[in-house]
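> Have a look at this fold, sequence not included:
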């Protein structure tokens, strides 16, 4: 498995520059701004943020907080997922990145001087889906089967985790690198299973009655991913007011969700083109305890979770250079 994963990281770092971007749903500036336009990158190909961030985006909180500082705002989506966001951040095409922990930690390991600004959601998950008529009842039934996944993402980490948990290796299954075409491949019976984000999994279940969920990281207390918001330290030093403006917008969005949970689900469903039921599967704004996962203060527990992810990446040589998570955190 380690040989396979070494190939993965080489692929993710060297090839991702070819991925396309799309700023759909972004605030496309039509006027000049004194301090220029802040660009936030997201692995959503349609330029949509997620969780409380999509509330900040859709309610105009980001625009309001940054415009009063002299900035415009644009959210740029990358169809190439986390690796493509990494390339854009490293090359200066975007100022900030919002994505899952795995690609963010991979980028920091390259010594480019990124910083963790905040964690906007510490409970994001992956799902494994199969056809109902496949005869696949447990993960071990996937031995010898074709499994589609996206390399260099937290779903990739979940697949590797599940193989280890079941005492299997990558050679025991056929691991197929596949992006947006994986849904059609599963429906068309070209692959036997798909490992994807929880949101994509729920969308696929809604799309096709022939598909069922085999497993989800929600069922495993030892596995989760966190959504991080990062930037190059150089950018943060040059635009410290923009950092605070963005955090203010996220805090306003968090307060809005806590005070208006139903309206928030409806807004998120509308902007993400999903149902309210799907948003309620993904998020919960009902209680104080629910809201703790969106606390913008990076907790010790979140740092420990990031340490676990980093150690996993080191163990499987997804990254070669070690670094201190506490030093990566800006606070």
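It's in. This one's a predicted model, so the numbers in the text were calculated from it and none came from an experiment.
> ok, now how distant is the closest residue in space to residue 35 that isn't next to it in sequence from residue 230?
Nearest in space to residue 35, with sequence neighbours left out and distances taken as Cβ to Cβ, 6 or more residues apart in numbering, is residue 70 at 4.0 Å. For glycine as for every other residue, the C-beta is placed from the backbone atoms N, C-alpha and C. For residue 70, the distance to residue 230 equals 23 Å [Cβ to Cβ, to the nearest Å].
> So these two - more neighbours on which side?
residue 230 (28 against 13; other Cβ atoms under 10 Å).
> helix/strand/coil for that one?
Assigned with DSSP: H, G, I helix; E, B strand; the rest coil, residue 230 falls in the strand class.
> for residue 104, same thing?
Classified using three-state DSSP, residue 104 is helix.
> ok, residue 162 touching residue 216?
No. Counting by Cβ atoms under 8 Å, residue 216 is not a contact partner of residue 162; they are 10.7 Å apart.
> Contacts only, for the residue nearest to residue 35.
Listed by Cβ atoms under 8 Å, 6 or more residues apart in numbering, the contact set of residue 70 reads 33-35.
> Please identify the member of those residues with the greatest number of neighbours.
residue 33 (15 neighbours).
> if you skip the residues just before and after it, what's nearest to that one?
In space, and not counting its chain neighbours, residue 33 is closest to residue 72: 4.2 Å by Cβ to Cβ, 6+ apart.
> what's the spacing between that neighbour and residue 245?
Counting by Cβ to Cβ - residue 72 and residue 245 are separated by 12 Å.
> Those two - which one has more neighbours?
Neighbour count, other Cβ under 10 Å: between residue 72 and residue 245, residue 245 has more, with 23 against 20.
> Check that one and give its pLDDT.
We have a pLDDT of 98 for residue 245.
> could you pull out the strands for the stretch 101-250 of the chain?
Assigned by DSSP state E, counting those that start in this stretch, the strands in the stretch 101-250 of the chain fall at 114-124, 126-131, 146-149, 174-177, 193-197, 211-216, 225-232.
> May I see those strands arranged in TSV, with distance to residue 102 and mean pLDDT as well?
Formatted as TSV, the strands of the stretch 101-250 of the chain follow (distance: least, Cβ to Cβ, whole Å; pLDDT from 0 to 100):
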stretch	distance to residue 102	mean pLDDT
strand 114-124	11	96
strand 126-131	11	97
strand 146-149	12	96
strand 174-177	15	93
strand 193-197	12	95
strand 211-216	17	96
strand 225-232	7	97
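> Those: which one's closest to residue 331?
Residue 331 sits nearest to strand 114-124 of all the strands of the stretch 101-250 of the chain, at 8.5 Å, using Cβ to Cβ.
> wait, isn't residue 223 in contact with residue 217?
Yes. Using Cβ under 8 Å, residue 223 is in contact with residue 217, at 4.6 Å.
> Of these two, give the one with the bigger neighbour count.
Neighbour totals were compared for residue 223 and residue 217, and residue 217 leads with 24 against 19 (other Cβ under 10 Å).
> Quick check: that one vs residue 78, distance?
The value you get for residue 217 to residue 78, if Cβ to Cβ is used, is 23 Å.
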